[in-house]
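J.: Here you go, sequence then predicted model.
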Amino acid sequence: PVSVESLERSTQSVTDLKLWSDHLIDKAIKYVTELKETASVVDKVKAYITKHLEQELNRENIAASFYLHPDYINRLFKKETGMSMTEFLLHERLRMATELLEKTEQPVTVIAANIGYTNLSHFAKIFRKHTGLNPNEYRQSKRNEGKA
């Protein structure tokens, strides 16, 4: 309403025109500031993945959460991060697994379930592929490091 009233008065005098243009500039500055402060889609996807690690996640259901096509969102993700959403998901799950193995006494089965793996042998295989150790060996090696 203020913008419309200012616009209508702006044709009546130079002073009113200046008030209207100042109002528009203020609105534009606020809008640009808000845009800069809001997280990018990729940042939102990263946060979503990290928050929902224990769920069954894939490109399709992640993209559906943002009402975007899986190929499109994956291209954006890869362009900004250098990795696919699936690679990021794996990275985050392994990061969380190593953290839980180091800092808790939770059984490996519980840790696997907490990061979205229902099949323990599949989790152990993936974990070994990326760390060179199975989860129990990894936990033991970190304990030994702490003693040294």
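T.: Arrived safely, thanks for sending. Numbering: from 1, shown residues only.

J.: What ranges in this protein fall below the confidence cut-off?
T.: Counting by pLDDT under 70, the chain has low-confidence residues at 1-4, 6-7, 31-39, 148.

J.: and Ser141, how far is that from Leu133?
T.: Distance from Ser141 to Leu133, counting by C-beta to C-beta, to the nearest Å: 6 Å. Just so you know, the C-beta spots here come from the backbone N, C-alpha and C atoms, and that holds for glycine as well.

J.: ditto for Thr11
T.: 76 Å.

J.: Who has more neighbours out of the two?
T.: Counted by other C-beta atoms under 10 Å, Thr11 and Leu133 do not tie: Leu133 has more neighbours, with 16 against 9.

J.: State the three-state secondary structure for the more buried one.
T.: coil (DSSP: H, G, I helix; E, B strand; the rest coil).

J.: separation between the residue most central in space within the chain and Glu145?
T.: Per C-alpha atoms, centre = their mean, the C-alpha nearest to the average position across the chain is that of Lys46, at 1.4 Å. Noted for Lys46: a distance of 29 Å to Glu145, by C-beta to C-beta.

J.: Check Ala47 too.
T.: 31 Å.

J.: Please name the residues that touch Ser40.
T.: With contact taken as C-beta atoms under 8 Å, 6 or more residues apart in numbering, Ser40 is in contact with Glu80.

J.: The residue nearest to the centre of the chain and His91 touch, don't they?
T.: No. Counting by C-beta atoms under 8 Å, Lys46 stays clear of His91, with 10.4 Å between them.

J.: Grab the longest helix from the chain for me.
T.: If you go by DSSP state H, the chain has its longest helix at helix 14-37.

J.: about what we covered before: for the residue nearest to the centre of the chain, give me its contacts.
T.: 81, 88.

J.: How about the secondary structure of Glu56?
T.: coil.

J.: before we move on, what SS does the closest residue to it other than its chain neighbours have?
T.: Using C-beta to C-beta, 6 or more residues apart in numbering and skipping residues adjacent in sequence, the residue nearest Glu56 is Gly116, 6.5 Å away. Under three-state DSSP, the three-state class of Gly116 is coil.
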